[in-house]
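Asks: here is my input, please return the structure:
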Amino acid sequence: PPLPFDHLVLAVGATTSWFGIPGAAEHSLPLYTLQDATRLRNHVIARFEAADADPALVDDGELTFVVVGGGPTGVETAGALAELFAVVFKRDYPALGVGRARVVLAEARDALLGQLHTASQRRALDALRARRVEVRLDEPVAEVAPDHVRFAAGDVLPARTVIWAAGVRAHPLAEALGLP
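Replies: Presented below is the predicted three-dimensional model:
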């Protein structure tokens, strides 16, 4: 039977916004769903297992984890990875020397957590750096490849893991419906 209403809200969610960055969709791991988190966890463990089996891989970026996006998701992810490596993986991989693992947070703007007060932005930056996260502000990503990230300034960083936390956009269904 028909259901009368005054307003119809279609809450179909959002999808990852890749911002047209070449290779981002193909070679990055988004982190917006439980399935994304599970995939990322398995990927991170696989990188450590590979490096533990062949430590020479570390020089080629096997243990370099680049988080793209300095909003809440990116900041939380970078901090959690750094803590995971320093506390848990240090015990799990004693022969590897997990201090060689790098967490790099790349933000295209000049500050993290752009929607927050400057003091909060500064505290977040200080907390990440205290955890040995390499924070790169004003560093837009220009390309993501299976084995590296290239920044707009031209720097190339060998990395086997890129976590995409740069943002979302409305689900394509919203556009397809042609509604206001």
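
Asks: okay, now the unreliable bits of this structure?
Replies: Residues of the chain that meet the criterion pLDDT under 70 lie in 180.

Asks: report the contact partners of Glu49.
Replies: Under the criterion of C-beta atoms under 8 Å, 6 or more residues apart in numbering, Glu49 has no neighbours. To be clear about C-beta, it is placed using only N, CA and C from the backbone, and glycine gets the same treatment.

Asks: can you tell me the SS state at it?
Replies: For Glu49, the secondary structure call by DSSP: H, G, I helix; E, B strand; the rest coil comes out as helix.

Asks: swap in the one 10 residues further on?
Replies: Local secondary structure at Asp59 is given as helix here, using three-state DSSP.

Asks: chain neighbours aside, what residue packs nearest to it?
Replies: Computed as C-beta to C-beta, 6 or more residues apart in numbering, the closest residue to Asp59 that is not its neighbour in sequence is Pro158, at 7.8 Å.

Asks: repeat for His27
Replies: The shortest distance from His27 to any non-neighbouring residue, by C-beta to C-beta, 6+ apart, is to Val144 (4.6 Å).

Asks: how about that neighbour, what does it touch?
Replies: The contact partners of Val144, taken as C-beta under 8 Å, 6+ apart, are Ile21, Pro22, Gly23, Ala24, Glu26, His27, Ser28, Val68, Arg150, Val162.

Asks: what's near enough to touch the fourth one?
Replies: Pointing back at Ala24 there. Trp18, Val68, Val141, Val144, Val162, Trp164.

Asks: which phi and psi does the fifth one have?
Replies: With angles defined as degrees, to the nearest 10, Val162 shows backbone torsions of phi -130, psi 120.

Asks: list the buried residues of stretch 58-75.
Replies: Buried residues in stretch 58-75, counted by 16 or more other C-beta atoms under 10 Å: 58, 61-71, 73-75.

Asks: what does stretch 5-20 give?
Replies: By neighbour count on 16+ other C-beta under 10 Å, the buried set for stretch 5-20 is Thr16, Ser17, Trp18.

Asks: format the residues you listed as CSV; extra columns: distance to Ala95.
Replies: CSV is the format used below for those (distance: C-beta to C-beta, whole Å):
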residue, distance to Ala95
Thr16, 36
Ser17, 40
Trp18, 38
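
Asks: which of these sits closest to Ala82?
Replies: Thr16 (23.1 Å; C-beta to C-beta).

Asks: what sits closest to the closest one if chain neighbours are left out?
Replies: In this structure, Thr16 finds its nearest non-sequential neighbour in Pro30, 4.4 Å apart by C-beta to C-beta, 6+ apart.
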